[in-house]
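Asks: Structure of the sequence below:
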Amino acid sequence: MVRLGVAVVFSIMVATSIGAEQLPSILSAEGQEFMMGLGRMAADDGPVVAPELPMEAPIEAPSSGGKEVKSTRRAFLYSVLVPGLGEWYAGAKTRGLVFFGIEAVTIGVWSSWKAKGNDAEDEFRAVADEEWSPENYLTWRNSTISRNSSITHALPCSSQVLDVYIPASREGRIDFGDCDDTEIQQYYELIGKYNQFAAGWTDIVRVETGNPAQPTEVDSVENFLSEQRLTYEIQRDDSNKYLKRASTLTGLILINHVISAIDAARVARARSEGVDEAALARRTRMAVVMRPWERRQVPMLMVYKPFD
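Replies: Next up, the predicted model:
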């Protein structure tokens, strides 16, 4: 049956006087060769063997060419969590150590400044609890002399000061009742910052004579002075200075995380392209330099692209 089919095909070719090389172009070169093979088989008396068709080479997965493939997403996330970890994962260990070192130093300085600010805050609050009397202030506030003074601020937590703070202070305790933290912070700020609260300081004296004065005698800060108030304000300024520095470093720490994450993703992509660490260093360079900030030299990270 097979020989019959082959003979029919071959007969058609011969009858029409068309050779395989004259077949329409719809047949590929392999197809034409196949048809010619069929013709040869029809002329043979031996067993029919199907002609071998050329096989296409198997498709191979694209090779990385020996390049180390690193996930940019993973590198990015690693450095978001810990600056430098993404660079280390991508193989740029020197860059990773730089970012991690900046993180460690910055957190160490932040911790130091935060502790100093909190310690100074505890100190000036202790001074206020010991040397500023809300009873003296309220006595002055209810006197006739206060009517001629400029009153711009109410005493924060005033109801709690009367009902809770004053009774507790007589027992040697500090208690603001249910007054919230924001109002307590305002309490300690206002009593030193504004002159209207000067009568509450227990060491207030007359400027001319240096003699102690009663709260109801205080008419203006030009005539009365409190050394404790001056000390209090210095301590409060020191506390604010350290806490503001710590707050600024918090922002720098977050920036370090962002820069490191972006850099780690770039490094991972470059390493996947076969770029080594030396070439990466030529693309983008980093340096830690000392720069003035708030009247002192502090280390700062500079990232720049060389044009040479």
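
Asks: C-alpha from now on. contacts and neighbour counts both.
Replies: Will do.

Asks: Contact partners for the nearest residue in space to Arg74 that is not next to it in sequence?
Replies: Spatial nearest neighbour of Arg74, chain neighbours left out: Gly86 (7.3 Å); criterion: CA to CA, 6 or more residues apart in numbering. For Gly86, the contacting residues are 74-79, 96, 260-261, 264-265, by CA atoms under 8 Å, 6 or more residues apart in numbering.

Asks: try 6 Å
Replies: Residues in contact with Gly86, defined by CA atoms under 6 Å, 6 or more residues apart in numbering, are 75, 78-79, 264.

Asks: Now compare these and name the two farthest from each other.
Replies: Tyr78 and Ala264 (8.4 Å; CA to CA).

Asks: Give me the helices and strands touching the helix or strand hosting Ala115, please.
Replies: Assigning secondary structure by DSSP states H and E places Ala115 in helix 93-131. Judged by 3 or more CA pairs under 6 Å, 6 or more residues apart in numbering; DSSP states H and E, helix 93-131 is in contact with helix 227-272.

Asks: Give me the more crowded residue out of Tyr78 and Ala264.
Replies: Legend: neighbour count by other CA atoms under 10 Å for Tyr78 and Ala264, higher for Ala264 (34 against 22).

Asks: Could you check how far the residue nearest to Leu77 when sequence neighbours are not counted is from Trp88?
Replies: The shortest distance from Leu77 to any non-neighbouring residue, by CA to CA, 6+ apart, is to Ala261 (6.8 Å). Separation of Ala261 from Trp88 (CA to CA, to the nearest Å): 12 Å.

Asks: of those two, who's got more company?
Replies: Ala261 (29 against 21).

Asks: dump the residue contacts of that one.
Replies: Residues near Ala261 by CA under 6 Å, 6+ apart: 76, 79-80.

Asks: can you do 7 Å?
Replies: Ala261 is in contact with 76-77, 79-80, 83, 86, counting by CA atoms under 7 Å, 6 or more residues apart in numbering.

Asks: how close does Ala199 get to Asp219?
Replies: Distance from Ala199 to Asp219, by CA to CA: 9 Å.

Asks: Equivalent analysis for Ser272, please.
Replies: Taking CA to CA as the measure, Ser272 and Asp219 are separated by 77 Å.

Asks: Okay, now stretch 137-152: how far is its last residue from its first?
Replies: Termini of stretch 137-152 sit 14 Å apart (CA to CA).

Asks: about what we covered before: just put the contacts of Gly86 in JSON lines and tack on pLDDT and distance to Asp203.
Replies: Shown next, in JSON lines, are these (pLDDT from 0 to 100; distance: CA to CA, whole Å):
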{"residue": "Ala75", "pLDDT": "93", "distance to Asp203": "62"}
{"residue": "Tyr78", "pLDDT": "94", "distance to Asp203": "58"}
{"residue": "Ser79", "pLDDT": "94", "distance to Asp203": "56"}
{"residue": "Ala264", "pLDDT": "92", "distance to Asp203": "60"}
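
Asks: Please identify which of those residues is nearest to Asp129.
Replies: Distances from Asp129 to the contacts of Gly86, taken by CA to CA, are shortest for Ser79, at 46.2 Å.

Asks: Could you say which helix or strand holds that closest one?
Replies: Judged by DSSP H and E, Ser79 forms part of helix 72-81.

Asks: okay, now the domains of the chain?
Replies: Split into domains by automatic domain parsing, the chain comes to 2-43, 74-152+194-304.

Asks: Pick out the shakiest of the ones you listed, pLDDT-wise.
Replies: Lowest mean pLDDT within the domains of the chain: domain 2-43, a mean of 43.

Asks: List the contacts of Ala268.
Replies: Ala268 touches 70-72, 75, 90, counting by CA under 7 Å, 6+ apart.

Asks: Touching stretch 243-259 from outside, list them.
Replies: Around stretch 243-259, the neighbours that count as contacts under CA under 7 Å, 6+ apart are 79-80, 83, 103, 106, 110, 113-114, 117.

Asks: What about those residues, which one has the most neighbours?
Replies: Ranking those using other CA under 10 Å puts Pro83 first, with 32 neighbours.

Asks: Verify the stated contact: that one with Gly101.
Replies: No: contact between Pro83 and Gly101 fails when scored by CA atoms under 7 Å: they sit 8.8 Å apart.

Asks: what residues are up against Trp113?
Replies: 242-243, 245-246.

Asks: and the nearest residue to Gly200 once chain neighbours are set aside, how many neighbours does it have?
Replies: Distances taken as CA to CA, 6+ apart place Tyr137 nearest to Gly200, at 4.2 Å, with adjacent residues excluded. Tyr137 has 22 neighbouring residues, counting by other CA under 10 Å.

Asks: who's in contact with Tyr137?
Replies: With CA under 7 Å, 6+ apart, Tyr137 has these contacts: 197, 199-200, 215.
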